[in-house]
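S.K.: test case, fold it:
(one chain, ligands or ions: 1)
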Amino acid sequence: MHYFQYRDGELYCEDVPLREIAKTFGTPTYVYSGSTLLRHFRVFEEAFLDVDHLTCYSVKANSNIAILNLLVREGSGLDIVSGGELYRALIAGCPGNKIVYSGVGKTPKEMRYAVESDILMFNVESSQEMDTLNEVAQEANRRARISLRVNPDVDPRTHPYISTGLKKNKFGVAMDEARSLFGRAQKKEALEVVGISCHIGSQITEVSPFVDALSRVLDFVHILKRDGIWVRYVDIGGGLGITYDKETPPHPEDYAREIKALMRGTNLVLVLEPGRLIVGNAGCLLTQVIYTKRGPERDFVVVDGAMNDLIRPSLYGAYHGILKVKGESDGEITADVVGPICESGDFFARGRRMPSVSQGDLLTIMSAGAYGFSMSSNYNSRPRAAEVLVIKDKVFEIRRRESYEDLIRGESLIPDPWGGPPWK
Ligand code: LLP
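M.R.: Reported below is the predicted structural model:
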């Protein structure tokens with residue numbers, strides 16, 4: 001469900017024609033619908049209303065501070081994976097006690113920053129990380145709350161690159177190792193064991209892998225109790241999928257019903273880290289056709305957005321719907337929709353059946369709100385796109401388009417190393 005709809009043959013985001021956004025802000029531009037975003041968050045929250053829980057939106061999905069701030073104002077906590085994300089979270093007004101920190105490679109510097117920000121908990125992913133965190137917290141004269149991220153070895157049946165809960169994955173610790181690690185953590189002076197966590201993958205379109213993972217984690221909580229270790233939080237990560245094409249992911253209520261059934265009577269606080277579900281279908285990438293081109297074997301639609309703006313099709317072969325901003329057209333074509341980057345992998349769609357388009361037409365790459373801008377880069381020295389947030393008939397520029405000066409910020413020329421005069 002989202003608020004990108006045709007009105008009189010023209011595509012709108014809420015009450016604003018996308019044509020106007022292109023006119024004011026240029027292309028390519030990420031356009032987010034604030035009402036969609038909030039609706040997704042509220043539906044998710046309502047589904048879990050009757051259990052003790054904390055939703056920590058996963059910052060990596062879309063980390064624009066305006067988006068984070070909207071969600072924080074709705075009561076969301078945040079799931080972070082780096083010092084940079086912590087910085088964003090704090091700027092967006094998130095209280096430390098609603099921040100959870102995951103990731104296999106937290107550096108001592110990042111840990112110190114998070115310890116001093118008094119975050120809710122570190123989801124610790126290895127034995128060495130645990131020792132390092134203990135030292136960092138000791139030096140800071142603080143106690144760090146931790147949860148251990150376990151690897152429940154459940155197959156989420158999603159793309160291998162975004163599957164994280166299998167034994168072969170780098171994330172978390174195996175259940176057998178976790179038991180001794182919990183024991184060791186308990187004895188660390190500067191650590192307080194408060195939780196257990198897992199995250200099995202992303203874009204998961206069935207409930208059963210979540211149920212399997214949570215059941216294993218809860219069985220493990222019983223074992224811990226027998227060892228005299230009591231946890232308060234069970235963090236089941238994110239991962240609930242969305243519809244890009246024909247997928248039929250469970251509604252948050254169906255997902256919640258089964259999770260809640262397992263949680264009832266446990267006295268544990270459930271922590272959830274949804275990312276894609278909240279923002280994925282709340283954003284699109286607005287782009288313009290630069291050229292259409294007929295090849296001997298294929299037809300191409302060359303647009304001004306590229307893989308540096310949205311890498312999901314190139315990286316995962318991901319499907320994104322493509323719509324024409326001006327609805328009507330003379331018939332259909334089959335084409336590759338490609339960007340200007342010097343790589344054959346630079347495409348948004350291949351062999352796509354779509355309405356015919358002409359030079360100058362505006363298109364939207366749909367479902368681009370999650371892992372779109374946040375994975376964008378400056379490859380081919382392309383300034384990163386603008387981001388705008390629409391709420392009803394209001395448009396806010398939440399990130400201005402980068403300039404050429406932005407591209408070289410922090411770079412410098414060096415004096416001639418062979419002793420000649422410096423370059424001008
Ligand atoms: N929690 C943890 C510890 C995570 O690693 C992730 C995502 C999430 C929560 C949020 O998962 P979500 O609800 O968004 O599925 N770039 C890929 C997705 C990578 C997901 C990484 N971790 C993509 O574009 O599909």
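S.K.: any idea where the strands of the stretch 301-424 of the chain begin and end?
M.R.: 322-324, 332-338, 347-355, 362-365, 386-391, 394-399 (DSSP state E, counting those that start in this stretch).
S.K.: does the longest one reach the ligand?
M.R.: No: using Cβ under 6 Å from any ligand atom, we find that strand 347-355 stays clear of the ligand, coming within 13.8 Å at best. Where you see a C-beta, it was placed from the backbone N, CA and C, and this is true even at glycine.
S.K.: run the angle between that strand and strand 332-338 for me.
M.R.: Here strand 347-355 runs at an angle of 170 degrees relative to strand 332-338 (axes from the mean of the first three to the mean of the last three Cα atoms, to 10 degrees).
S.K.: do the same with the last one
M.R.: Interaxial angle of strand 394-399 relative to strand 332-338 (the same axes, to 10 degrees): 40 degrees.
S.K.: so which of the strands of the stretch 301-424 of the chain is the most surrounded?
M.R.: strand 362-365 (a mean of 25; mean count of other Cβ atoms under 10 Å).
S.K.: any residue of it up close to the ligand?
M.R.: No: counting by Cβ under 6 Å from any ligand atom, the ligand has no neighbours in strand 362-365; the shortest distance is 13.2 Å.
S.K.: partners of that strand in the sheet?
M.R.: Note on strand 362-365: by DSSP bridges, its sheet partners are strand 283-294 (antiparallel), strand 322-324 (antiparallel).
S.K.: JSON lines for those, including distance to Leu315?
M.R.: Converted to JSON lines, those look like this (distance: least, Cβ to Cβ, whole Å):
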{"stretch": "strand 283-294", "distance to Leu315": "15"}
{"stretch": "strand 322-324", "distance to Leu315": "18"}
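S.K.: nearest to the ligand, of the ones you listed?
M.R.: The ligand lies closest to strand 283-294 among the strands paired with strand 362-365, at 12.5 Å (Cβ to the nearest ligand atom).
S.K.: which residues touch the residue lying closest to Arg382 once chain neighbours are set aside?
M.R.: In space, and not counting its chain neighbours, Arg382 is closest to Asn308: 5.1 Å by Cβ to Cβ, 6 or more residues apart in numbering. Contacts for Asn308 (Cβ atoms under 8 Å, 6 or more residues apart in numbering) come out as 339, 341, 376-380, 382, 384.
S.K.: what's the lowest-mean-pLDDT helix or strand in the chain packed up against?
M.R.: Least confident element among the helices and strands of the chain, by mean pLDDT, DSSP states H and E: strand 173-174 (a mean of 91). On a contact count with 3 or more Cβ pairs under 8 Å, 6 or more residues apart in numbering; DSSP states H and E, strand 173-174 meets strand 144-151.
S.K.: what parts of this protein come near the ligand?
M.R.: So far as Cβ under 6 Å from any ligand atom goes, the chain lies against the ligand at 58, 60-61, 79, 102, 162, 199, 202-203, 237-240, 273-277, 312, 316, 370-371, 375.
S.K.: how near is Thr29 to Thr364?
M.R.: 10 Å (Cβ to Cβ, to the nearest Å).
S.K.: no wait, Gly420
M.R.: From Gly420 to Thr364 the distance is 52 Å (Cβ to Cβ).
S.K.: which residues of the stretch 1-150 of the chain fall in helices?
M.R.: 18-25, 34-47, 65-73, 83-91, 108-116, 127-139 (DSSP state H, counting those that start in this stretch).
S.K.: want to throw these into a markdown table with mean pLDDT and mean neighbour count?
M.R.: Listed next are those as a markdown table, based on pLDDT from 0 to 100; neighbours: other Cβ atoms under 10 Å:
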| stretch | mean pLDDT | mean neighbour count |
| --- | --- | --- |
| helix 18-25 | 98 | 17 |
| helix 34-47 | 98 | 19 |
| helix 65-73 | 98 | 20 |
| helix 83-91 | 98 | 19 |
| helix 108-116 | 98 | 19 |
| helix 127-139 | 98 | 18 |
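S.K.: for Tyr12, which of the ones you listed is the nearest?
M.R.: For the helices of the stretch 1-150 of the chain, proximity to Tyr12 was assessed by Cβ to Cβ; helix 18-25 is nearest, at 6.7 Å.
S.K.: would you turn the strands paired with strand 362-365 into a markdown table with mean pLDDT?
M.R.: As requested, these are exported to a markdown table (pLDDT from 0 to 100):
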| stretch | mean pLDDT |
| --- | --- |
| strand 283-294 | 98 |
| strand 322-324 | 97 |
